[in-house]
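Peer 1: model the following, please.
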Amino acid sequence: MKKQKKKPINPEDGIKYTVCGEWFPEVYPAGRNLKWARREEDPLATEMRLFCACTRWAFNRLQEGRSREELKKEGQKLFGINSRFCDDAILKAKAIIESQRELLVLEVEETETKLARARKKLGWAEKGLGKAVEANDPVKIEKAKRAVHGRKARVKKLKTKLDELKTHQSNGTIPAVVFGGRSLWKGICKGRVSREEWRQVRQNRLFARGDETKGGNPNIKISYRNGDFSLSVTISHLSEQKGTDKKGRPVMTRAPRVTGKLWLPEKHRLKVWELLLSSAPYTVELLRGRDGRYRMHISFAITTPEPVTNPNRGYLGMDTNPDGVALANVGYFGHPEPWPEGFTVPHPKALHKFAGEFQVTVHPNGFLYIKIPELAYSRGYRRTYLIGVLAKVVVDTAKALGKPIALEDLDFGKDRLDTNKKFNRMAANFPFKKIIEAVMRRAFKEGIGVKPVRPAHTSTIGYYKYMERYGVIVHHAAALVIARRAIGFRERITNELKQKVQAVKEKLNRKVDSLPGEGRGMTRKVKRLFKRLDGKILVHNGLTRYKQESFYSIWHDLKELFLLSR
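Peer 2: Just a heads-up that it's a prediction; the model follows:
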């Protein structure tokens with residue numbers, strides 16, 4: 001199977017502006033439809049239940065090959081909602097199917113990688129069992145047998161999963177989708193979650209697309225009057241047929257609405273007000289939480305702002321770490337520039353939880369580190385908030401300098417699982433993707449340029465070439481390398497670096513003991529490494545930039561040398 005390339009992050013693709021708010025319904029329709037209502041539920045709850053049921057129904061029918069137009073007519077009769085709500089439910093179901101098909105390709109690739117690693121580890125375990133049997137050590141034999149048994153079970157499980165995924169791929173189907181969440185369904189099966197809670201989760205949303213010809217959004221409409229926002233939701237199942245037109249199509253009465261006040265964050269109110277004045281289309285998704293409160297997401301497209309940064313001034317390099325980011329102010333000629341006179345890092349005013357929550361260390365020669373210790377272990381909503389604050393500080397810094405941001409296009413994709421526990425824990429808690437996306441979204445809105453670059457060997461290059469020269473930590477040096485790479489510089493092997501390698505070689509030669517001992521001093525592995533380095537150093541400066549940055553370039557060997565000589 002052809003390996004699918006990771007889609008690069010491109011700031012030129014455009015971005016949607018999403019505003020989160022809370023709705024307080026106040027005025028409900030007086031009547032109820034006995035055909036569609038259940039027990040004592042209000043009309044809004046009935047509308048949400050019918051919409052979610054239509055989405056699940058359309059999901060199953062689309063997999064059978066039914067057309068959108070056919071489902072749109074049939075869905076209105078089955079669920080009593082209007083054509084627009086029915087069409088939105090079909091499109092939402094179609095989006096779920098398309099996303100599952102994309103994920104299936106990635107899941108097959110990832111499972112193949114896991115299976116190859118699991119088989120390799122099984123081979124190591126069987127080899128260890130053979131050595132234990134030769135040594136006739138009962139304790140080691142018992143331990144090795146348990147390891148082999150566990151590895152075989154792991155291989156069998158992954159093989160079964162891979163066969164199942166490939167069967168779906170060959171048949172053009174997708175794995176089973178659980179509306180409401182698989183973890184909650186498992187709780188139902190084990191008796192830990194009530195059926196009422198399960199039903200509420202499966203009928204808790206309403207989605208409506210925008211329409212420019214209808215003045216924004218005809219089904220879920222936002223209005224502004226006397227300084228306050230309000231929201232009205234169409235209750236389409238209460239509309240009744242009052243006749244037919246000349247073509248035999250049903251003519252329906254005007255559907256009533258549920259109205260109420262809409263709360264929006266202060267920083268987004270002006271943007272939404274401008275949206276309503278322009279009559280531009282906007283999409284609304286209404287969600288009812290387990291606490292009974294109604295949250296809503298308003299999404300709309302924003303025009304591309306005028307750029308306020310110039311790459312001819314250089315770049316602001318950003319190296320991302322689990323507890324914050326390192327920044328380097330780099331000029332066009334690839335050297336770090338001191339911070340402008342009177343420059344201060346834009347410090348957020350909303351962080352007052354505890355002392356040291358937001359730490360900024362500024363070096364006058366053009367480097368700084370923004371550290372948020374809580375970022376590495378905080379929970380979901382708190383972490384999202386902290387990442388948003390961090391992105392605002394980085395973008396405001398770039399705006400003050402007038403320079404675009406250079407950052408890593410890093411992907412931990414298949415490195416997790418079936419490796420080592422220490423890396424798994426770090427990678428699972430490292431919100432790299434969220435940090436990068438938050439910075440790019442914020443930069444796009446502010447007109448700040450962003451340039452993703454290849455992340456290969458940035459820390460190794462920074463450690464060997466720039467950390468000692470500028471007296472900074474390795475993260476600052478890596479940020480400098482990222483900015484230089486965005487400008488277009490190649491990293492050459494200098495005489496200074498050759499002397500460092502020679503000094504390490506002489507140091508290891510002095511550590512050799514009189515008795516041979518693998519793992520100490522100039523071992524066989526280190527000797528082979530130096531032999532490779534001697535050949536690569538001679539040709540590195542003449543290679544193309546792509547070959548200089550490739551995985552098995554000279555920087556990979558220098559990284560191995562550093563790890564082996566610690």
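Peer 1: now do the strands in the stretch 201-350 of the chain.
Peer 2: Assigned strands in the stretch 201-350 of the chain, in chain order: 205-208, 220-225, 228-234, 241-244, 250-252, 257-263, 283-288, 294-301, 315-321, 324-330 (criterion: DSSP state E, counting those that start in this stretch).
Peer 1: for stretch 225-241, list every residue counted as buried.
Peer 2: Across stretch 225-241, burial judged by 16 or more other CB atoms under 10 Å covers 229-239. Quick note: C-beta positions are derived from backbone N, CA and C, even for glycine.
Peer 1: let me know the closest of the residues you listed to residue 245.
Peer 2: residue 239 (15.3 Å; CB to CB).
Peer 1: distance of the closest one from residue 258?
Peer 2: Going from residue 239 to residue 258 by CB to CB, to the nearest Å gives 14 Å.
Peer 1: hmm, residue 254 is touching residue 239, no?
Peer 2: Yes: when contacts are counted by CB atoms under 8 Å, residue 254 is listed as touching residue 239 (7.0 Å).
Peer 1: so where is the chain shaky, pLDDT-wise?
Peer 2: Applying pLDDT under 70 to the chain flags the ranges 1-15, 248, 350, 352-353, 410-430, 511-521, 565-566.
Peer 1: what about the longest helix in it?
Peer 2: With secondary structure taken from DSSP state H, the chain has its longest helix at helix 83-135.
Peer 1: tell me which residues touch residue 216, please.
Peer 2: 210, 222, 275-276, 279-282 (CB atoms under 8 Å, 6 or more residues apart in numbering).
Peer 1: show me just the buried residues among those.
Peer 2: Buried, going by 16+ other CB under 10 Å: 210, 222, 275-276, 280-282, out of these.
Peer 1: do you know how far the residue nearest the centre of the chain is from residue 316?
Peer 2: In the chain, the residue lying closest to the centroid (CA atoms, centre = their mean) is residue 433, at 4.2 Å. For residue 433, the distance to residue 316 (CB to CB) stands at 20 Å.
Peer 1: distance of residue 394 relative to residue 369?
Peer 2: Taking CB to CB, one finds residue 394 at 12 Å from residue 369.
Peer 1: hey, what's in contact with both of these two?
Peer 2: Residues touching both residue 394 and residue 369 by CB under 8 Å, 6+ apart: 325, 327.
Peer 1: between those two, who's got more neighbours?
Peer 2: More crowded of residue 394 and residue 369, by other CB atoms under 10 Å: residue 394, with 26 against 21.
Peer 1: which phi and psi values does that one adopt?
Peer 2: With angles defined as degrees, to the nearest 10, residue 394 sits at phi -60, psi -50.
Peer 1: which ones are touching it?
Peer 2: 316, 318, 325, 327, 370, 405, 439, 442.
Peer 1: dig out what the second one forms beta bridges with.
Peer 2: The bridge-partner assignment for residue 318, based on DSSP bridges, gives residue 327.
Peer 1: what distance do you get for it to residue 371?
Peer 2: 14 Å.
Peer 1: looking at these two, which has the bigger crowd around it?
Peer 2: residue 318 (25 against 17).
Peer 1: what sits against the more buried one?
Peer 2: 325-327, 394, 405-408, 439, 479, 482.
Peer 1: ok, so of the contacts of residue 394, who is nearest residue 131?
Peer 2: Taking CB to CB as the measure, residue 131 lies nearest residue 325 of those, at 46.6 Å.
Peer 1: residue 387 is in contact with the closest one, correct?
Peer 2: No: judged on CB under 8 Å, residue 325 makes no contact with residue 387 at a distance of 10.3 Å.
Peer 1: more crowded one of these two?
Peer 2: Ranked by neighbour count (other CB under 10 Å), residue 325 and residue 387 place residue 325 first, with 24 against 20.
Peer 1: next, the contact list for that one, please.
Peer 2: 318-319, 369-370, 390, 394, 435.
Peer 1: and those, which two are furthest apart?
Peer 2: 369 and 435 (14.3 Å).
Peer 1: can you name the residues that contact residue 254?
Peer 2: Per CB under 8 Å, 6+ apart, neighbours of residue 254: residue 239.
Peer 1: same check on the one 10 residues further on?
Peer 2: Contacts of residue 264 were listed using CB under 8 Å, 6+ apart, and they are 19, 21, 229, 272.
Peer 1: on the three-state scheme, the closest residue to it other than its chain neighbours is what?
Peer 2: Once flanking residues are discounted, residue 264 sits nearest to residue 21: 4.4 Å by CB to CB, 6 or more residues apart in numbering. Here residue 21 is strand, with the state taken from DSSP: H, G, I helix; E, B strand; the rest coil.
Peer 1: residue 21 - how many residues pack around it?
Peer 2: Residue 21 has 20 neighbouring residues, counting by other CB under 10 Å.
Peer 1: how about the contacts of residue 264 in TSV, adding distance to residue 189?
Peer 2: Putting the contacts of residue 264 into TSV (distance: CB to CB, whole Å) gives the following:
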residue	distance to residue 189
19	38
21	36
229	42
272	43
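Peer 1: which one among these gets closest to residue 289?
Peer 2: Nearest to residue 289 among the contacts of residue 264, with distances taken as CB to CB, is residue 21, at 13.4 Å.
Peer 1: quick check: that closest one vs residue 229, distance?
Peer 2: Counting by CB to CB, the gap from residue 21 to residue 229 is 8 Å.
Peer 1: need the residues touching each of those two.
Peer 2: 262-264.
Peer 1: want to try CSV for these, with distance to residue 536 as columns?
Peer 2: Below are those laid out as CSV (distance: CB to CB, whole Å):
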residue, distance to residue 536
262, 63
263, 62
264, 58
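Peer 1: of the residues you listed, closest to residue 546?
Peer 2: residue 264 (47.9 Å).
Peer 1: could you measure the closest one against residue 283, distance?
Peer 2: 16 Å.
Peer 1: just residue 90 next, same as before
Peer 2: Counting by CB to CB, the separation of residue 90 from residue 283 is 15 Å.
Peer 1: the two: who's more crowded?
Peer 2: Higher neighbour count among residue 90 and residue 283: residue 90, with 24 against 19, using other CB under 10 Å.
Peer 1: any buried residues in the host helix or strand of residue 445, and which?
Peer 2: Per DSSP states H and E, residue 445 falls inside helix 432-446. By neighbour count on 16+ other CB under 10 Å, the buried set for helix 432-446 is 432, 434-436, 438-444, 446.
Peer 1: got it, and stretch 131-150?
Peer 2: Neighbour count says stretch 131-150 has 132, 141, 144, 147-148 buried, by 16+ other CB under 10 Å.
Peer 1: quick one: mark the members of the residues you listed that sit in helices.
Peer 2: Reading helices off the buried residues of stretch 131-150 with DSSP H, I get 132, 141, 144, 147-148.
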